[in-house]
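Turn this into a model:
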Amino acid sequence: MKIRWGAAFQIAAVYVGTVVGAGFATGQEIVEFFTRFGFIGLIGIVMSGYLFIFLGSKLMRIAAKIEASSYQELMEHLFGKVFSIFINIVLLIMLVGVCAVMLSGSGAVFHEHFGLAKSTGVYITIILSLIVMQTGMKGLFAVNSFVVPIMIAFSFFLMFHSFKLPNFTYQLLYIPFVEDGWKAVASPFSYTALNLALAQAVLVPVAKEIKDDQTLKWGGILGGVMLTAILIASHATMIMLPNVTQFEIPMAIMMKKLIPSFYWVYVLIIYGEIFTSVIGNVFGIEKQIKKYTSLPSMAIVVFIFIITYIISYVHYSTLLSFLYPLFGYISLLIIILLWMYPFETKKGNK
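As a prediction, the model looks like this:
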């Protein structure tokens, strides 16, 4: 079967854009799950990358095979109707919580790097999101196809400059002492579980729209490889930042330190990635709520933004460090079942 490579790239871009949100783009999420553990964190990234490639592709192919239009239908297929009700409620709460983190992250960008009030960044993000969401899936594809390649290019740009710093090899291999070091073992699994559980809100509708099995398979593979590459590049950059856990947006700090002439451009790229995740998550929540109400889509979207806006006033780094690991552990059950689920396609189309 012929693979539609253009569509596969769009799928990969949406996959990356959904995962690379406020925590990922700013560096906070990578620090929390990997970088603070040093070389053990790098090993964790490689493990996480394999899971992103294998499970992301499998998730979309299963969704297309059963013709699921929302993650609720996929969860019913995997868990059964009774238990899936509990899972879907948890996922909905997670999506709302993470969307609040994204909004808080957008406020942090405007406050820390533009000197504006956090609320200004949140308002701008909400207004832009409402505009883009009126175009539906096409808007989601367009924004991600533009922002994701630039983000990847800048991640490697920063990494190559980090290579030139003194003691880079030492820092790469260094294993620091951390009180909760046991989390280094769980991090690859909880991190992937968190992001896949959340990404399915976008990936399931995408799978329904694309439908072609091989295109979905390679879109998942390309997306997983891109995510792994950005994770490694970001980790290799942030290990060179002393006291990395103290910064709200460590990747921007490293850009200012290494390549100050590109600092403002990079801040805008970080904001672009936060923005793509906001619209991706709200898109997924709206699709889910729409099944239970006859309200217009934009009314649902406005309601979602009101809720997430209120939550976003909690401090960004506090919100992320508490919610993300918690949601990651909750999501482990989903990826375990997804891993075990037997998936077969027609002969010659595996």
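
what bits of the protein have low per-residue confidence?
Along the chain, the model assigns pLDDT under 70 to residues 1, 21-26, 136-137, 140, 315-320, 324, 343-350.

Does the longest helix seen in it pack against any helices or strands, and if so which?
In the chain, taking DSSP state H as the definition, the longest helix is helix 81-114. Packed against helix 81-114 by the contact rule (3 or more Cβ pairs under 8 Å, 6 or more residues apart in numbering; DSSP states H and E) you find helix 22-26, helix 71-79, helix 118-133, helix 183-210, helix 250-258, helix 263-289, helix 297-311, helix 316-340. Placement of C-beta: from N, CA and C, glycine included.

Next, format those helices as CSV and append mean neighbour count and distance to His111.
Shown next, in CSV, are the helices and strands packed on helix 81-114 (neighbours: other Cβ atoms under 10 Å; distance: least, Cβ to Cβ, whole Å):
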stretch, mean neighbour count, distance to His111
helix 22-26, 30, 12
helix 71-79, 21, 33
helix 118-133, 18, 5
helix 183-210, 24, 25
helix 250-258, 21, 12
helix 263-289, 23, 12
helix 297-311, 16, 15
helix 316-340, 18, 9
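
nearest to Pro149, of these?
helix 263-289 (10.6 Å; Cβ to Cβ).

can you give me how far the closest one is from the chain middle?
On the basis of Cα atoms, centre = their mean, to the nearest Å, helix 263-289 sits 9 Å off its chain's mean C-alpha point.

likewise stretch 183-201?
Worked out by Cα atoms, centre = their mean, stretch 183-201 lies 10 Å from the chain centre.

May I have that stretch exported as CSV, CA atoms only?
The C-alpha coordinates for stretch 183-201 follow below in CSV (Å, rounded to 0.1, in the frame of the first residue of the first chain):
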residue,chain,number,x,y,z
LYS,A,183,11.6,8.5,40.1
ALA,A,184,14.4,8.2,37.5
VAL,A,185,13.3,4.6,36.9
ALA,A,186,9.6,5.4,36.7
SER,A,187,10.0,8.7,34.7
PRO,A,188,10.3,7.2,31.1
PHE,A,189,7.1,5.3,31.7
SER,A,190,5.1,7.9,33.6
TYR,A,191,6.2,10.7,31.2
THR,A,192,5.2,8.7,28.0
ALA,A,193,2.0,7.6,29.7
LEU,A,194,1.1,11.2,30.6
ASN,A,195,1.7,12.5,27.1
LEU,A,196,0.1,9.7,25.2
ALA,A,197,-3.0,9.7,27.4
LEU,A,198,-3.3,13.4,26.7
ALA,A,199,-2.3,13.3,23.0
GLN,A,200,-5.0,10.7,22.2
ALA,A,201,-7.6,13.5,22.5
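
List the contacts of the residue nearest to Leu173 when sequence neighbours are not counted.
Nearest in space to Leu173, with sequence neighbours left out and distances taken as Cβ to Cβ, 6 or more residues apart in numbering, is Phe39 at 5.1 Å. Remark: with contacts taken as Cβ atoms under 8 Å, 6 or more residues apart in numbering, Phe39 is in contact with 172-175.

Kindly reformat the helices and strands packed on helix 81-114 as JSON lines containing distance to Met226.
Below are the helices and strands packed on helix 81-114 laid out as JSON lines (distance: least, Cβ to Cβ, whole Å):
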{"stretch": "helix 22-26", "distance to Met226": "12"}
{"stretch": "helix 71-79", "distance to Met226": "22"}
{"stretch": "helix 118-133", "distance to Met226": "22"}
{"stretch": "helix 183-210", "distance to Met226": "13"}
{"stretch": "helix 250-258", "distance to Met226": "17"}
{"stretch": "helix 263-289", "distance to Met226": "13"}
{"stretch": "helix 297-311", "distance to Met226": "27"}
{"stretch": "helix 316-340", "distance to Met226": "19"}
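
Which one of these lies nearest to Ile85?
Closest among the helices and strands packed on helix 81-114, using Cβ to Cβ: helix 71-79, at 8.7 Å.

Show me what that closest one is in contact with.
With Cβ under 8 Å, 6+ apart, helix 71-79 has contacts from 59, 62-63, 66, 68, 84, 87-88, 91, 200-201, 204, 284, 288, 291, 334, 337-338, 341.

how much distance is there from stretch 91-106 to the middle of the chain?
11 Å.

can you tell me how far Asn281 sits from Leu51?
To Leu51, Asn281 is 21 Å away according to Cβ to Cβ, to the nearest Å.
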